[in-house]
Every structure is written in structure tokens, then in C-alpha cells.
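J.: mind looking at a prediction? Sequence and model below.
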Amino acid sequence: MASMFELFGRTEKRFESAVLKRIHRANGLFFIVLAAIISYFCLDYIVNSGADLSPRGTFHSVFSLTVVILLVLKIVFLRFYRQFYGKVQTIGLIIALATFGMVGTSGGYFLLVTKLGTEARGTKDSAGRILTGAKESVLGIRTDAASIGRGKELYDSKCYSCHDPDSTETIVGPGHKGILKNPHLPVSKKAATSQNIALQIRSPYGAMPAFAYLSDEEVADLVAYMNTL
């Protein structure tokens, strides 16, 4: 943006146009390479986890697609359709603004809620304590068939693509067989309790996607089913 403003926004140039163009081109190439690398990891994560996009993730994806489409359009105008050259400046500005939106809905949000990465994520109560769900009370394990059945349905739709319920082998994440019968959880190494499983679901340790949108009832049903593994 700075090189574009200097090149096109000033009547009296402070720098040579040729130098600004080279800087702008180099920045553009760096932007494309960095975006491609980040996009690869994001897409790989989505494919392997099979997780549903949260509303924030959906906004991030829309911004990302907008940036890609406009970037391709800008390059096409510059290379092949020179009559549209006057539109390139506007497209470049929109790309920059969409990029700010894209970064703000992912990295910016994370840095904000974790105080620049110094705190764990999670819902907080009025005293500022991080909770696993809407309450801080100990989560009991349900044993009724209805809750276990609902939990199995949730597990099949949210967890099965990454975790094997019938073994401890790792697919994307560790297998869950006997997870509540072991002394520790497989990744965080916290005590294998219903409360810590709820915390892992809502505000996960490691590379697992967060399922903060699940209700307390749904989390309790998931724990009920996992207790049977």
C-alpha cells in the first residue's frame, strides 16, 4: 500500500518510480508466497480434521477467497487486459483491506483473547476465571442410554474423522479407547477427568480445532459416550 500511495498518490515524487515499482513487485511476490504457504496449512488442517467452520472461520474463508480472486484479476489486468489498467489501483487497495480483515478475524482475534498469546483461550466468568463451559462446577458423567446415544452421534460427526474410538492409535489425533480409564489424557497429559475433556473440547491444547459452539448438554453427552470407550 505504501509503495502504491507513493507511486500514484503524490504529485511530486519522493522516490524514483522505477525503484517503487520494483519494491511493489517484490512485496507482491512475497505476499503470494506467504499466502500460499499459510493457505496450504489451513486447507490441510480443514481436510484432515473434518471440522465444521465456525462463524469466525467462515468470515476468514470469505476474506481469503476474495483476496485470491482479486489478486488473480489484478495480475490478469496487468498482463493481458491493459485497457483495465486504471482499475488495478482500486483492486490493489481492496486486496489490502480484505487482507487486514482476513488477518483480523484469525490472528488478531487470537492475540486479543489471549492477551498477545500469554493466556489460554476459553470462556471467562465475571471474576475473569477461564471456564470449560458456562459453569465452573465439576462436570458429572452421565450414564443413561439417551445421553450416550446422543454423544455417539456427536462423536461420529465431530470427532470420528480425527480419532479412533476403538484403539489408541493416532489418525490425525490420538485414539480414544479407554480415555477415561487412563490416568492422563493423551496429548495435554492432564488428569483424565470429565472436566479436562470438556476443557479440551472447548479450548483445546495442541492442534485440535475448538468446538466452543457446543452447548453444555452436548459436551456432557460427548463425555458420556467417551466414558463407554
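T.: Arrived safely.
J.: all the helices of the protein, in order from the start?
T.: 2-8, 17-49, 55-79, 85-103, 109-113, 145-158, 194-202, 216-226 (DSSP state H).
J.: burial measure for residue 32, as a count.
T.: Neighbourhood size, residue 32 [other CB atoms under 10 Å]: 13. Just so you know, the C-beta spots here come from the backbone N, C-alpha and C atoms, and that holds for glycine as well.
J.: from residue 168, how far out is it?
T.: 42 Å (CB to CB, to the nearest Å).
J.: returning to that earlier point: comparing the helices of the chain, which gets the lowest mean pLDDT score?
T.: Lowest mean pLDDT of the helices of the chain: helix 109-113, a mean of 76.
J.: please save the CA atoms from it in CSV.
T.: C-alpha atoms of helix 109-113 as CSV (Å, rounded to 0.1, in the frame of the first residue of the first chain):
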residue,chain,number,x,y,z
TYR,A,109,-8.7,-12.4,17.4
PHE,A,110,-6.4,-14.9,18.9
LEU,A,111,-3.9,-12.3,20.1
LEU,A,112,-6.8,-10.2,21.5
VAL,A,113,-8.5,-13.0,23.6
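J.: and it, which residues are buried?
T.: For helix 109-113, a neighbour-count test (16 or more other CB atoms under 10 Å) marks nothing as buried.
J.: before we move on, back to that, just send the helices of the chain back as JSON lines, with distance to residue 179 too.
T.: Shown next, in JSON lines, are the helices of the chain (distance: least, CB to CB, whole Å):
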{"stretch": "helix 2-8", "distance to residue 179": "52"}
{"stretch": "helix 17-49", "distance to residue 179": "18"}
{"stretch": "helix 55-79", "distance to residue 179": "26"}
{"stretch": "helix 85-103", "distance to residue 179": "36"}
{"stretch": "helix 109-113", "distance to residue 179": "27"}
{"stretch": "helix 145-158", "distance to residue 179": "11"}
{"stretch": "helix 194-202", "distance to residue 179": "7"}
{"stretch": "helix 216-226", "distance to residue 179": "6"}
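J.: of all those helices, which lies closest to residue 176?
T.: helix 216-226 (6.0 Å; CB to CB).
J.: now the closest one: how far from the chain's centre is it?
T.: 23 Å (CA atoms, centre = their mean, to the nearest Å).
J.: show me what that helix is in contact with.
T.: Residues outside helix 216-226 that contact it (CB atoms under 8 Å, 6 or more residues apart in numbering) are 133-135, 139-144, 147-152, 154-155, 158-159, 165, 176, 179-180, 194, 197-198, 201-202, 214.
J.: try it again at 7 Å.
T.: 133-134, 139, 141-143, 147-148, 150-152, 154-155, 176, 179-180, 194, 197-198, 201 (CB atoms under 7 Å, 6 or more residues apart in numbering).
J.: which of the residues you listed are buried?
T.: 133, 139, 142, 147-148, 150-152, 154-155, 176, 179-180, 194, 197-198, 201.
J.: so the residue nearest to residue 174 when sequence neighbours are not counted versus residue 199, what's the distance?
T.: Nearest residue to residue 174 in three dimensions, chain neighbours excluded: residue 186, at 3.9 Å (CB to CB, 6 or more residues apart in numbering). Separation of residue 186 from residue 199 (CB to CB): 14 Å.
J.: more neighbours: these two, which one.
T.: A count of neighbours by other CB under 10 Å puts residue 199 above the other of residue 186 and residue 199, at 23 against 17.
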